[in-house]
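[1] Sequence first, then the predicted structure, then my questions.
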Amino acid sequence: MKMNNCDAWLFTSRNEPRGYIQPQTLEELWFHTGTNCNLRCPFCFEGSKPGDSRIEFLTLDDVRTFIDEALDLGVKTFSFTGGEPFVNPNFLEILALALEYRPCLVLTNATEPLMKRMVDVQRLRDKPHALKFRVSLDDPDPVKHDELRGKGNFSKALTTLGMLYKAGFSVSIARRMLADEESAVVDKAYVQTLRTVGIEEDITMIKFPEFHLPGSLPHVPEITENCMTRHLNAQQRENFMCNFSKMVVRKDGRCGVYACTLVDDNKSYDLGATLKGAMQKRVILGHHRCYSCFACGTSCSEGD
Ligand code: SF4
């Protein structure tokens with residue numbers, strides 16, 4: 001039987017129905033501030049680099065519209081990712097607005113764009129809601145981090161992380177997770193590194209496997225409807241980001257609501273122009289990154 005493109009998306013190569021998530025309530029709304037970044041990391045799963053405009057700068061008006069809609073839907077937090085959010089010229093205003101309504105999380109490489117705005121950032125402590133930063137530290141070894149991110153950037157990121165912490169902001173880190181690593185050993189090395197800038201408490205470490213560049217099509221097992229109930233329980237299915245979050249992305253001069261933070265390189269995951277509409281749409285788990293969520297419980301969410 002010949003399948004059209006839509007059917008091909010709904011069924012695996014063996015003609016079995018693909019697994020899906022039917023979103024429930026919108027708890028987290030993410031905003032993609034744009035793929036322009038001051039760094040040029042060769043592994044970036046967003047393909048971000050200086051001047052990149054695959055995803056355009058979000059504007060204050062864009063964000064205002066979606067904040068209003070998200071509040072009506074009962075959203076609990078706003079999160080911001082890029083690119084480097086502080087490269088977006090509108091970002092401080094955007095963040096100041098969001099902090100009037102809900103706690104916010106900002107993902108950052110914690111280098112010059114943030115360092116230059118530290119005074120303004122510190123003023124945001126006076127806002128009604130808390131601000132948290134997640135800093136990218138790819139490896140606890142400065143040499144390995146800098147091989148990927150550029151010389152001197154480990155020191156800048158770590159110093160800035162320590163400054164944010166001392167200023168009273170909550171912090172976490174995002175790190176790469178290699179397939180053959182001994183995670184407990186690597187985690188311990190991070191704890192020692194964080195102590196050097198005065199972070200003694202256990203902080204959240206979000207670990208990301210290899211996600212490949214945008215548009216890549218690595219081979220991964222396909223997820224069927226049957227897999228979703230045979231291998232996962234109800235709680236595990238609820239934990240999928242696409243169940244409780246969405247991401248606003250500006251492309252080609254308009255904003256679209258994407259299923260989650262990991263699939264903005266595939267138009268099938270643009271679920272339309274409104275959050276309400278997007279939350280009603282079934283998310284088909286056909287992106288290769290969906291397999292990380294299925295097999296490892298990968299998530300950008302910190303759940304707090
Ligand atoms: S990458 Fe994960 S969260 Fe995103 S659509 Fe796929 S399964 Fe859902």
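    Structure's in. What do you need? These figures come from a predicted structure and were not determined experimentally.
[2] Give me the contact list for the host helix or strand of residue 228.
    For residue 228, the host element (DSSP states H and E) is helix 225-230. With contacts defined as C-beta atoms under 8 Å, 6 or more residues apart in numbering, helix 225-230 is touched by 16, 17, 18, 19, 20, 237, 285, 294. C-beta: built from backbone N, CA, C; applies to glycine.
[3] repeat that with 10 Å
    Contacts with helix 225-230, where a contact means C-beta atoms under 10 Å, 6 or more residues apart in numbering, come from 11-12, 16-21, 221, 224, 236-237, 240, 285, 294-295.
[4] Give the next helix or strand downstream of it.
    Beyond helix 225-230 toward the C-terminal end (DSSP H and E), the next one is helix 234-238.
[5] Check whether that following helix comes near the ligand.
    No: Helix 234-238 lies out of reach of the ligand by C-beta under 6 Å from any ligand atom, never closer than 9.9 Å.
[6] Please enumerate the strands of this structure.
    Secondary structure of the chain by DSSP state E: the strands cover 20-21, 28-32, 77-81, 104-108, 131-136, 170-176, 205-208, 245-251, 254-258, 283-284.
[7] Report the mean per-residue pLDDT for stretch 288-302.
    When pLDDT is averaged over stretch 288-302, the result is 93.
[8] Do any residues in that stretch lie close to the ligand?
    Yes: against the ligand, stretch 288-302 shows contacts by C-beta under 6 Å from any ligand atom at 289, 290, 293.
[9] ranking those by neighbours, who comes first?
    The most neighbours of any of the residues of stretch 288-302 next to the ligand, using other C-beta atoms under 10 Å, belong to residue 290, which has 27 neighbours.
[10] Count the neighbours of the one residue in the stretch 101-250 of the chain that gets nearest to the ligand for me.
    The ligand sits closest to residue 242 of the stretch 101-250 of the chain, with a gap of 3.2 Å, by C-beta to the nearest ligand atom. Counted with other C-beta under 10 Å, residues neighbouring residue 242 total 29.
[11] the helices in the stretch 51-200 of the chain, which residues?
    60-72, 91-98, 112-115, 118-123, 142-149, 153-166, 183-195 (DSSP state H, counting those that start in this stretch).
[12] so which of the ones you listed gets nearest residue 279?
    Counting by C-beta to C-beta, residue 279 lies closest to helix 60-72 out of those; the figure is 10.2 Å.
[13] Alpha carbons of the helix holding residue 228, as CSV, please.
    What follows is helix 225-230, C-alpha atoms only, in CSV (Å, rounded to 0.1, in the frame of the first residue of the first chain):
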residue,chain,number,x,y,z
GLU,A,225,2.6,3.1,20.1
ASN,A,226,3.1,-0.3,21.6
CYS,A,227,6.6,0.6,22.9
MET,A,228,5.1,3.5,24.8
THR,A,229,2.9,1.3,26.9
ARG,A,230,5.1,-1.9,27.0
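[14] Do you know the pLDDT at the closest residue to residue 214 other than its chain neighbours?
    Spatially, and ignoring its direct neighbours in sequence, residue 214 is nearest to residue 265 (3.6 Å; C-beta to C-beta, 6 or more residues apart in numbering). pLDDT recorded at residue 265 is 95.
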